[in-house]
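Trainee: Need coordinates for the below:
(one chain, ligands or ions: 2)
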Amino acid sequence: MSPGKSGLYLTFRPENASFKAKIEELSGENIDLCMQCGGCSSGCPLTEEMDLLPSTVIRYVQWGMEEALDSKTPWVCITCFNCEVRCPRGIDVANVMEALRQATLRAKYDRFSLDELTPEELMELPQIAIISNQRKLSG
Ligand code: SF4
Ligand code: SF4
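Mentor: Ligands and ions are numbered 1, 2, ... in the order given. Predicted structure coming up:
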């Protein structure tokens, strides 16, 4: 069964460890420090627009669940850093959200050029996807 709002269902797979390591490398954060206190979620101004709470996204990554890439939460995050300020373990959740966006873009849009898209396709892309793409090109 896949994870959803009704609960988390963890399946141990070899890729669990590699996904967590990838997100830790991209974000520079030690995900294991999270104790699931919920402080980040309680301070986030956009949870009503998210399908997973920020703390749940962290849990997914902690358990190496690539389903975190299917969540719209990283794309809703506005990098306001409220979560970082509230985290008693010093985890910058916004960095983790950015890492998840990067991982998604690398997986789905590698060697992707904005010039190849129609105006209609550009309108459908999340704005943060376009910004992240430009960062890749200028990085
Ligand atoms: S940085 Fe993102 S996840 Fe953190 S509080 Fe702001 S909107 Fe929520
Ligand atoms: S505030 Fe920090 S320790 Fe608490 S759930 Fe969020 S990331 Fe984990």
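
Trainee: use CA for all of it now, contacts and neighbours both
Mentor: Noted.

Trainee: what's the next secondary structure element after the host helix or strand of Val61?
Mentor: Per DSSP states H and E, Val61 falls inside helix 54-62. Counting by DSSP H and E, the next helix or strand C-terminal to helix 54-62 is helix 73-76.

Trainee: which helices and strands sit right next to that following helix?
Mentor: Contacts defined by 3 or more CA pairs under 8 Å, 6 or more residues apart in numbering; DSSP states H and E place helix 73-76 against helix 93-108.

Trainee: next structured bit after the helix it packs on?
Mentor: Using DSSP H and E, the helix or strand that directly follows helix 93-108 along the chain is helix 119-124.

Trainee: on that earlier part again, for the helix holding Val61, name the packing helices and strands.
Mentor: Helix 54-62 makes packing contacts with helix 14-27, helix 39-43, helix 93-108 when contacts are defined by 3+ CA pairs under 8 Å, 6+ apart.

Trainee: So which bits of this structure are right by ligand 1?
Mentor: Residues of the chain lying close to ligand 1 (CA under 6 Å from any ligand atom) are 43-46, 54, 77-83, 93-94.

Trainee: Check what pLDDT the residue nearest to Ala94 when sequence neighbours are not counted gets.
Mentor: In space, and not counting its chain neighbours, Ala94 is closest to Thr79: 5.4 Å by CA to CA, 6 or more residues apart in numbering. Thr79 is assigned 92 on the pLDDT scale.
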